[in-house]
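**Q** curious how this folds, go ahead:
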Amino acid sequence: MPSLQNIGTIFRRELRSYFNSPIAYVVIIVFLVIIGWFFSSNLFLMNVASMRILFELVPIIFLFFAPAITMKLLAEEMKSGTLELLTTKPVRDAEIILGKFLAAWILLVAALVPTLLYVMTLAFLGPLDPGPVLTGYLGLLLMGSVYIAIGLFASSVTESQIIAFILSFLIVLALFLFDKVLIYVPEGLTSILEFLAVDFHFSNIARGVVDTRDIIYFLSLLLFSLLLATVSLQRRKW
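**A** All right, here's what the predicted structure looks like:
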């Protein structure tokens, strides 16, 4: 059974490392500038008061955001040798993975929180249906969690942050595009690829339809990715 104390220690250590360097601030600012530009253009230039642009754009930004904030989590420690120092302490590999995952997830949440200003802006301008907004944010958190877990796995297989970023990006991009290429695959594979597609399940949730199948998909992929990261970390002992 993983120790919450050990997980909390690693979590706080990683979170401090994010905010003690420019990484967190640069990533969050770039994220908000991109979202803010498109939201403002949609609202003032196209005169469309809707959160739809955010829920369409953020999943694309996450393709780069998640690999960027996870690529150093294990790769940097393996390269510098601090991972071996960490494992000399009474800490399990699963606790390392969970602590680092939570730190990256909190950074992702910190990037999303300021976008609630857009929700308040639209609510001020007129009636706003809270249902799709709440489920849309739920979908973003689930999608972001999966991407971070995949990024953590990618960071566990190499000492190079660049390779970790590329590997993570390719995996999440494939998951994102599966339901976009259905016309190019045999008919027997379409249902399989559609089920594997992250955006297919996110779109269902973002429309306000919270289906247990979509929740199970995200949680299963999250746990599987964290398990892969843990096993990959343990391979150094083999």
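**Q** going forward, measure contacts between C-alpha atoms and count neighbours the same way
**A** Fine.
**Q** show me what contacts R213?
**A** Neighbouring residues of R213 by CA atoms under 8 Å, 6 or more residues apart in numbering: there are none.
**Q** so how far is the helix or strand containing it from its chain's centroid?
**A** Per DSSP states H and E, R213 falls inside helix 212-234. Offset of helix 212-234 from its chain centre (CA atoms, centre = their mean, to the nearest Å): 12 Å.
**Q** over to stretch 14-32?
**A** Distance of stretch 14-32 from its chain centroid, counting by CA atoms, centre = their mean, is 15 Å.
**Q** please begin residue numbering at 19 from this point
**A** OK, 19 is where the count begins now, so the last one is stretch 32-50.
**Q** for that stretch, measure first residue to last.
**A** 22 Å (CA to CA, to the nearest Å).
**Q** ok, G117 touching Q23?
**A** No: in this structure, G117 is not within contact of Q23 by CA atoms under 8 Å, at 9.9 Å.
**Q** quick one: average pLDDT of the helix holding R231?
**A** For helix 230-252, mean pLDDT rounds to 93.
**Q** repeat that for stretch 50-70.
**A** 74.
**Q** packing partners for the strand or helix carrying P85?
**A** Under the criterion of DSSP H and E, P85 resides in helix 70-88. Using 3 or more CA pairs under 8 Å, 6 or more residues apart in numbering; DSSP states H and E, the elements in contact with helix 70-88 are helix 40-58, helix 111-130, helix 148-174, helix 179-195.
**Q** can I get those in JSON lines including distance to P77 and mean neighbour count?
**A** Listed next are these as JSON lines, based on distance: least, CA to CA, whole Å; neighbours: other CA atoms under 10 Å:
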{"stretch": "helix 40-58", "distance to P77": "11", "mean neighbour count": "15"}
{"stretch": "helix 111-130", "distance to P77": "12", "mean neighbour count": "21"}
{"stretch": "helix 148-174", "distance to P77": "7", "mean neighbour count": "24"}
{"stretch": "helix 179-195", "distance to P77": "9", "mean neighbour count": "19"}
